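Peer 1: Okay, sequence plus prediction incoming.
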Amino acid sequence: MPRKRTEGTRAPNGASSIYRGNDGYWHGRVTVGVKDNGRPDRRHVQAKTEAEVIKKVRKLERERDSGKVRKTGQEWTVEKWVMHWYETIAVPNVRYKTRNYYWTAVDKYVVPGIGAHKLSRLEPEHIERFYARLRKEGAKSATLQQVHIALRASLNEAERRNRITRNPIRAVRAPKIEETEIEPLTVDDARAILAVAHSRRNGVRWAIALALGLRQGEAIGLKWSDLKIQWHHGCTVDQPCGKQRPEDCPAKQVTGMLTVRRALQRQTWQHGCDTEHRCGRMRGADCPKRHSGGLVVVEPKSRAGRRVLSVPPPLVLALLEHHEAQDAERLRAADVWQDDGWMFAQLTGKPIDPRADYGEWKDVLKAAGVREARLHDARHTAATFLLVLGVAQRAVMDVMGWSKIDMAQRYQHVPDELRQNIATQLGGLLWRGSDEGDAASEA
């Protein structure tokens, strides 16, 4: 029989209720909030025994009090949630490359792997077994890391929006990534590259990579308007040249400032046709109404990426020489030249494509007799040179465009020359004046 309240009494508004129904089950009802229409959001639970239903009611009350009650409506699957998260939350708020990074993880791995699970019933063990299957299928550690990052971001957002009351990925250890030790180029390597690049078209682009450490998109996205040059008198007060303009001084000196304002990026073309009038083309690049693809100008990677750099005088002179060579190309191209002011341009004035830029880097390495290296290794090399020169960390962050100091651990490497220098200094400090120190100095 249903439990009845004492005659003449009444439970407070919003209080939970527990009773036995005519169906033989125990029922509980808990007010957890207010629905969008303004009515009370009252949840129902049931069990075979009173003790079980009390346990469920208390759980709902704790979730209500902590603000972690799951939203009402049809329960979402993992697939439905991660697709919603990607399309409506991630895409509008992250950069192009991050979107691609997330999409590969979601479409290729998460949805086929655990997409059928109910979102609220996803357990840490489900995720761990999912990772184990990927390893067994030969997935690399970087792939597992990619999947984990995307899944963690989506589940964290589900938790913030009360789609789940307990986030299972918090109990899952991130897959270990096998980091390959990056070996920056040596000073001799850099000099060999600069010697070869000097005689090649757009060769000063590699001097910028090695001296200033610009990212590829930042370097090929430079325009001449980003470079400010100032000439200075090089003569002494005792022997002035008598020239009013510094650029007319026989001993003139030059300084330059380079502002990183943008980056060039190749993006995949998207279909422009609607669902009712599909063009039938498999690739977005072949769609007659394609959009958002090709070479695209984007903001630097972070706020710190938008920076002003002081350019070494030899590099300023090399840029001036490059500017003269480009002026000659402009005259030869005549009407074909598209003058958008790119510092590194094709023979028609159009910007350099990242793929062509990467191919040129490989050709320069081969011609210089330098070992195989990624283009991004030039950025590691520039950061390491700053370490060797003893530049303060705060200044290094400014030059490299880092927003966090821990990036130094990733990009700055201790070369053998620096290790030997440290050892020599230690020897002089600890064994100064001893026979061992004298013998070491004689050797």
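Peer 2: Received the coordinates, thanks.
Peer 1: So which residues of the stretch 201-350 of the chain form helices?
Peer 2: Counting by DSSP state H, counting those that start in this stretch, the stretch 201-350 of the chain forms helices over residues 204-212, 216-220, 313-333, given from the N-terminal end onward.
Peer 1: Save those as CSV, and put in mean neighbour count and distance to residue 340 too.
Peer 2: Where you see a C-beta, it was placed from the backbone N, CA and C, and this is true even at glycine. Compiled in CSV, the helices of the stretch 201-350 of the chain are given as follows (neighbours: other CB atoms under 10 Å; distance: least, CB to CB, whole Å):
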stretch, mean neighbour count, distance to residue 340
helix 204-212, 23, 17
helix 216-220, 23, 13
helix 313-333, 15, 12
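Peer 1: Which among the ones you listed is found nearest to residue 77?
Peer 2: Taking CB to CB as the criterion, residue 77 comes closest to helix 216-220 out of the helices of the stretch 201-350 of the chain, the separation being 37.5 Å.
Peer 1: quick one: contacts of that closest one?
Peer 2: 205, 208-209, 260, 262-265, 298, 300, 305, 342, 344, 351-352, 354, 357-358, 375-376, 401 (CB atoms under 8 Å, 6 or more residues apart in numbering).
Peer 1: returning to that earlier point: mean pLDDT and distance to residue 58 for the helices of the stretch 201-350 of the chain - can I get that in a markdown table?
Peer 2: Formatted as a markdown table, these follow (pLDDT from 0 to 100; distance: least, CB to CB, whole Å):
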| stretch | mean pLDDT | distance to residue 58 |
| --- | --- | --- |
| helix 204-212 | 96 | 62 |
| helix 216-220 | 95 | 55 |
| helix 313-333 | 95 | 70 |
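Peer 1: and residue 228, which of these is closest to it?
Peer 2: Taking CB to CB, helix 313-333 is the member of those nearest to residue 228, at 10.2 Å.
Peer 1: Let me know the next secondary structure element after the closest one.
Peer 2: Per DSSP states H and E, the first helix or strand lying C-terminal to helix 313-333 is helix 354-368.
Peer 1: Show me which residues of the next helix or strand after that next one are buried.
Peer 2: Using DSSP H and E, the helix or strand that follows helix 354-368 in sequence is helix 377-388. Neighbour counts over helix 377-388 (16 or more other CB atoms under 10 Å) mark 377, 378, 379, 380, 381, 382, 383, 384, 385, 386, 387, 388 as buried.
Peer 1: name the helices or strands packed onto helix 377-388?
Peer 2: Packing partners of helix 377-388 (3 or more CB pairs under 8 Å, 6 or more residues apart in numbering; DSSP states H and E): helix 187-197, helix 204-212, helix 393-400, helix 407-411, helix 416-430.
Peer 1: Dump these into JSON lines; add distance to residue 113 as well.
Peer 2: JSON lines is the format used below for those (distance: least, CB to CB, whole Å):
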{"stretch": "helix 187-197", "distance to residue 113": "43"}
{"stretch": "helix 204-212", "distance to residue 113": "39"}
{"stretch": "helix 393-400", "distance to residue 113": "37"}
{"stretch": "helix 407-411", "distance to residue 113": "29"}
{"stretch": "helix 416-430", "distance to residue 113": "45"}
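Peer 1: which one of the ones you listed is the most hemmed in?
Peer 2: Among the helices and strands packed on helix 377-388, the stretch with the highest mean neighbour count (mean count of other CB atoms under 10 Å) is helix 204-212, at a mean of 23.
Peer 1: what's the angle from that one to helix 377-388?
Peer 2: When axes from the mean of the first three to the mean of the last three CA atoms, to 10 degrees is applied, the directions of helix 204-212 and helix 377-388 differ by 40 degrees.
Peer 1: From the chain's centroid, how far away is helix 204-212?
Peer 2: In terms of CA atoms, centre = their mean, to the nearest Å, the gap separating the centre of helix 204-212 from the centre of its chain is 22 Å.
Peer 1: quick revisit: tell me which of the helices and strands packed on helix 377-388 lies nearest to residue 125.
Peer 2: helix 407-411 (32.8 Å).
Peer 1: Can I get the closest one as PDB, trimmed to CA atoms?
Peer 2: As requested, C-alpha coordinates have been extracted for helix 407-411 and formatted as PDB (Å, rounded to 0.1, in the frame of the first residue of the first chain):
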ATOM      1  CA  MET A 407      58.300  26.400 -24.200                       C
ATOM      2  CA  ALA A 408      62.000  27.000 -23.600                       C
ATOM      3  CA  GLN A 409      62.300  23.400 -22.400                       C
ATOM      4  CA  ARG A 410      60.900  22.200 -25.700                       C
ATOM      5  CA  TYR A 411      62.900  24.400 -28.100                       C
END
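Peer 1: pLDDT (mean, whole number) over it?
Peer 2: Over the span of helix 407-411, the pLDDT mean works out to 87.
Peer 1: what about that helix, distance to the chain center?
Peer 2: Here helix 407-411 shows a centroid-to-chain-centroid distance of 14 Å under the convention CA atoms, centre = their mean.
Peer 1: What is that helix packed up against?
Peer 2: Packed on helix 407-411, when contacts are counted by 3+ CB pairs under 8 Å, 6+ apart, are helix 377-388, helix 393-400.
Peer 1: Can you get me a residue count around the nearest residue in space to residue 84 that is not next to it in sequence?
Peer 2: Distances taken as CB to CB, 6 or more residues apart in numbering put residue 76 closest to residue 84, at 7.8 Å, once the chain neighbours are dropped. A count of nearby residues for residue 76, using other CB atoms under 10 Å, gives 19.
Peer 1: what comes up buried for stretch 225-242?
Peer 2: Residues 226, 227, 229, 233, 235 are the ones in stretch 225-242 that count as buried (16+ other CB under 10 Å).
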